[in-house]
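Enquirer: What shape does this take:
(2 chains)
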Protein chains: 2
Amino acid sequence: MSTATLTQTPGQSRYGKLALALRDRILQGEWAPGDMIPAESALAQSYGVALGTIRQALSLLVEDGVLQRRHGKGTFVTKGVDGASMMRFFRFRGVDDGSSETPQSRILSSRLRRATSQEASVFGLPPDAQVLHLERLRSLSGEPCLLETIVLPLPLFGKLAESDTEVWDDLLYPMYQQRCGIVIQKTQDSLSFSQLNATQAKRLKLAAAHPCVQVERQAFDMAGRCVELRTTRGDAFSFKYTTQLQ
Amino acid sequence: MSTATLTQTPGQSRYGKLALALRDRILQGEWAPGDMIPAESALAQSYGVALGTIRQALSLLVEDGVLQRRHGKGTFVTKGVDGASMMRFFRFRGVDDGSSETPQSRILSSRLRRATSQEASVFGLPPDAQVLHLERLRSLSGEPCLLETIVLPLPLFGKLAESDTEVWDDLLYPMYQQRCGIVIQKTQDSLSFSQLNATQAKRLKLAAAHPCVQVERQAFDMAGRCVELRTTRGDAFSFKYTTQLQ
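Expert: Here you go, the predicted model:
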């Protein structure tokens, strides 16, 4: 393990600075997603700080979702979000447990286009930047269940733009990681109710104006950048979502 | 602060037993919702255990939602769920921010009836037990927005059953706490899509068969008992819910 020194900046707590330093080492790949980081005592020694300071820094990174504590095991770099997480909003009929089966994926269309001003702003791109625009159909047991529009910023996803969508995997997030080195660490999904237009309905084998639940997703990488915009539509009668508040 | 001793039970960790002991003291009311509990060092000393053991016990209670840690402040007994939490699933038109305004509440009907076998099972009651059955309409700026059916077990909610519903507060959970000593500590909400029947539609000033989002709630007290069953229905076009995954 390399050692590091912390220069004190006015207005920033010692543990806040330490948290940033540790996050940088994760972003640089010193510890990969799923890796256990060194013991608190070893980190405290290497930075020359008290154990309590290291604990506060790690707690900040746990709150941010960069690290996860496992009881009696240690502290681990978050593995990232599973690409099947969209399925937690639906329970499809005729499927035993929609949340456990990975749907098959088919890319219906893939093209490069200029980012809208809103997309450029969300992705932190210049106004004339390009994005990769995908239409994707997900199916369970051969039956279409979710229709998706996915927008990815370039040049970040350049390697995906060049590749043949026919051989893409069913899950996109592991592919983002393997081909582009991007770990999706957090998603924000905004759910609302809508009705399918004629084209969407046809893709999903439903009638035009059929009720649907629409999920607007922003996905973020380990550095907190938004790197994916996605709109997913599925039959409202298959919508089922359980959440706890405490 | 009283001191306590821990007897060792085979098959249970020392910190697990300590967590149960601490939870009992909270349930007995020694520390009320919102109270800060004593420092880790003081607790460790009073139980004659290592600091690490106390920390593990507190972590379990934080995971259970009984305690909350606040950075640089201390560890607090959870205040309980806010009675307005149902509003986080909706954004009503003509209302600036549905989640911040507390809707007005009107109890449409209140009656005692025998529990169904499912209710008796969920509440842990004998088969012939009684429940309080409420119909409730919630409105924003005078416009009806949510229709609710609420089932509460007796004798736990006996004091509410005896009281005049005309003078009830807009929020039920603070009333559960003040009148019956029950703190709602966790809710589990299961969302699905449905359509209003004629009676429901009339209450909400919508057309029969109008699309609605239906929330099936189980609410739990600090001891982990289910103490409320609730079904809430609202206009599907007002449904709006944002959730993060990391």
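
Enquirer: where does chain A dip in pLDDT?
Expert: A:1-11, A:94-100 (pLDDT under 70).

Enquirer: which bits of it sit near chain B?
Expert: Contact residues of chain A with respect to chain B, defined by CB under 8 Å from any CB of the partner chain, are listed as A:56, A:59-60, A:65, A:69, A:71, A:78, A:81, A:85, A:185-193, A:211, A:213, A:236-237, A:239-246. Backbone N, C-alpha and C define where each C-beta goes, glycine included.

Enquirer: Helix, strand or coil: sort out residue A:173 for me.
Expert: When the structure is split into helix, strand and coil by DSSP: H, G, I helix; E, B strand; the rest coil, residue A:173 lands in helix.

Enquirer: centroid residue for chain A?
Expert: Residue closest to the average C-alpha location in chain A (CA atoms, centre = their mean): residue A:184, at 3.3 Å.

Enquirer: Contacts only, for that one.
Expert: Taking CB atoms under 8 Å, 6 or more residues apart in numbering or on different chains as the criterion, residue A:184 is in contact with A:80-81, A:83, A:173, A:176-177, A:219-221, A:227-228.

Enquirer: Looking at the record's assignment, how would you partition chain A?
Expert: Described in terms of automatic domain parsing, the domain architecture of chain A consists of the residue ranges A:14-77, A:85-238.

Enquirer: can I get the contacts of residue A:184 in CSV with neighbour count and secondary structure?
Expert: Putting the contacts of residue A:184 into CSV (neighbours: other CB atoms under 10 Å in any protein chain shown; DSSP: H, G, I helix; E, B strand; the rest coil) gives the following:
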residue, neighbour count, secondary structure
A:80, 22, coil
A:81, 19, coil
A:83, 20, coil
A:173, 20, helix
A:176, 24, helix
A:177, 18, helix
A:219, 27, strand
A:220, 20, strand
A:221, 21, strand
A:227, 22, strand
A:228, 23, strand
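
Enquirer: which among those residues gets closest to chain B?
Expert: Using CB to the nearest CB, residue A:81 is the member of these that sits closest to chain B, with 5.6 Å.

Enquirer: List the contacts of that closest one.
Expert: With contact set as CB under 8 Å, 6+ apart, residue A:81 has these partners: A:173, A:184-187, A:219, B:245-246.

Enquirer: any idea how far the spatially most distant residue from the centre of chain A is from chain B?
Expert: In chain A, the residue that sits farthest from the middle, by CA atoms, centre = their mean, is residue A:48; the gap is 34.6 Å. To chain B, residue A:48 is 21 Å away according to CB to the nearest CB, to the nearest Å.

Enquirer: Just to check, residue A:156 is in contact with residue A:181?
Expert: No. Distance between residue A:156 and residue A:181: 9.3 Å, which falls outside the contact criterion (CB atoms under 8 Å).

Enquirer: So for these two, which sits in the more crowded spot?
Expert: Neighbour count, other CB atoms under 10 Å in any protein chain shown: between residue A:156 and residue A:181, residue A:156 has more, with 21 against 11.

Enquirer: Correct me if wrong, but that one is in a strand.
Expert: No. Counting by three-state DSSP, residue A:156 falls outside a strand, being coil.

Enquirer: List the backbone torsions phi and psi for it.
Expert: For residue A:156, the backbone dihedrals (degrees, to the nearest 10) come out as phi -50, psi -40.

Enquirer: who are the neighbours in contact with it?
Expert: Counting by CB under 8 Å, 6+ apart, residue A:156 touches A:180, A:182, A:227.
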